[in-house]
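> based on what follows, work out the 3D shape:
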Amino acid sequence: MIKRKVSMKQAKDALKLIRRSPYQALAAALAMSLTFFVSSIFILLIIGGQIVLNYIEQRPQVIAFFKDDTNESRILEISKEVESSGLTKEVKYVSKEEALAIYKERNKDEPLLLESVTADFLPASIDISVNRAQDIDEITKLVKDKPEVERIITPENLIEQLVKWTRTIRIGGIAFVSTLTGVSFLIIIMVVGMRIALRRDEISIMSLVGATRWYIARPFFIEGALYGLIGASIAVFLTFSLLLFYSPNIQEFLGPIQIFPVPPLFFLYLWLGEVAAAIVIGVLGAAIALYRYLKIR
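Numbering: from 1, shown residues only. Predicted coordinates:
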C-alpha cells in the first residue's frame, strides 16, 4: 500500500513537471508523434507493397500464344515440359473456346466488340505462374524457343519494378525513421535535462535527507514514458484516420487487389508495438539525462 502511494505521488509529480513547462512537453510529444506517424506510414507502404506483389505473383506471369496450326496435343506436351522445369506453380492450357469465353466476359459491356468474333479468331495459349519473380526470364526463354509459339506476354518489368519499389521503401523508411528517432531521442534528453536543471536544488535536498537515486529518478522516467505513450497514440490515431478517409480512393486505384478493410487487430498490434518502442525511447532518453546529472554531481 505504501509503495502504491509512493508510485502515485511520483506519477503526480511527473504530471506537475509537464504542466510547469507545457511547451517543452509539447515539443517532446510532437517529436515522438512525428517519428511514429512516419513509421506507421512506412509500415503500411511496405505491407501494402508486399500484398500487391504477392497478388501479381499469383497471376499468370507468362502467357504464351500459339500459332493457329498448332494442335492441342503439342500444346499439352509443351505445358508438361514447362511444368517439369520446377520453376512454375501452375501451367494452365486455355483453348480457343475458353479464350472466346474470357473475351466475351471481359467485353460484355461493349457489344460492338463482340460482333463477328469467333473462336477461330483467337489463339490457344498457356498461362504460366512462376514460383519466384526471378524465374520469369528463364521460363520466357524456355517457351520462346518453341517454334509453335507466336507471341509471349510477360509483366516481368512490372514485377521487377515492384520488387525494387518495395526494397527502396524499406531501406528509405529505415533510414528516415532512424533519423527521426535520433532527433526524438535528443529532444527527450534535452527536455528531461532541463527539468533536472530546474529542480537541482530540490534534488540536492532530497539526496541530503536520504532519498535513493531510484526515488529521485522515477518521476523523470515516468515523464519520458508518458511522452512515448502520448506520441505513439497520436501517431496511430492519425494513421487510422487518414487510412479510413482515403481507403475508398486507394481501393479504387488498386482495382481487384483487395486490401481493405484493414483488420482492427492490425491497428491494435501497431499501437502496442509503437507504444512499447516509444516508451523505451522515452525512458532511455530520461535515463541518459539523469545519468549525466548524477554523474556530474
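
> give me the helices and strands touching the helix or strand harbouring Ser207, please.
In the assignment (DSSP states H and E), Ser207 maps to helix 200-208. Applying 3 or more Cβ pairs under 8 Å, 6 or more residues apart in numbering; DSSP states H and E, one finds that helix 200-208 contacts helix 213-254. Every C-beta, even on glycine, is put in place using the N, C-alpha and C of the backbone.

> related to what we said a few turns ago, just the buried positions in the helix holding Ser207, please.
Going by neighbour count (16 or more other Cβ atoms under 10 Å), the buried part of helix 200-208 is Ile203.

> check stretch 174-185 too.
Using 16+ other Cβ under 10 Å as the test for burial, stretch 174-185 gives 177, 180-181, 184-185.

> for that stretch, what is the distance to the chain centroid?
With Cα atoms, centre = their mean, to the nearest Å as the basis, stretch 174-185 stands 17 Å off its chain's centre.

> show residues contacting that stretch.
For stretch 174-185, the external contacting residues (Cβ atoms under 8 Å, 6 or more residues apart in numbering) are 28, 31-32, 34-35, 38-39, 42, 231, 281, 284-285.

> one more pass at 10 Å, please.
The contact list for stretch 174-185 (Cβ atoms under 10 Å, 6 or more residues apart in numbering) reads 28-43, 46, 227-228, 231, 277-278, 281-282, 284-285, 288.

> how many residues are close by Arg218?
By other Cβ atoms under 10 Å, 20 other residues sit near Arg218.

> also Glu150?
With other Cβ under 10 Å as criterion, Glu150 counts 14.

> give me the angle between the helix holding Ser207 and helix 213-254.
Orientation check (axes from the mean of the first three to the mean of the last three Cα atoms, to 10 degrees): helix 200-208 against helix 213-254 gives 130 degrees.

> now helix 200-208, how far from the chain's geometric center?
Offset of helix 200-208 from its chain centre (Cα atoms, centre = their mean): 47 Å.

> what do you get for stretch 243-255?
Centre-to-centre, stretch 243-255 and its host chain are 16 Å apart (Cα atoms, centre = their mean).

> for it, which positions count as buried?
For stretch 243-255, using 16+ other Cβ under 10 Å, the buried residues are Leu243.

> ok, stretch 81-99 next?
So for stretch 81-99, counting by 16+ other Cβ under 10 Å, buried means 82, 87-88, 91, 94, 96, 99.

> just those residues now: which is nearest Thr118?
Thr118 lies nearest to Lys96 out of those, by Cβ to Cβ, at 8.8 Å.
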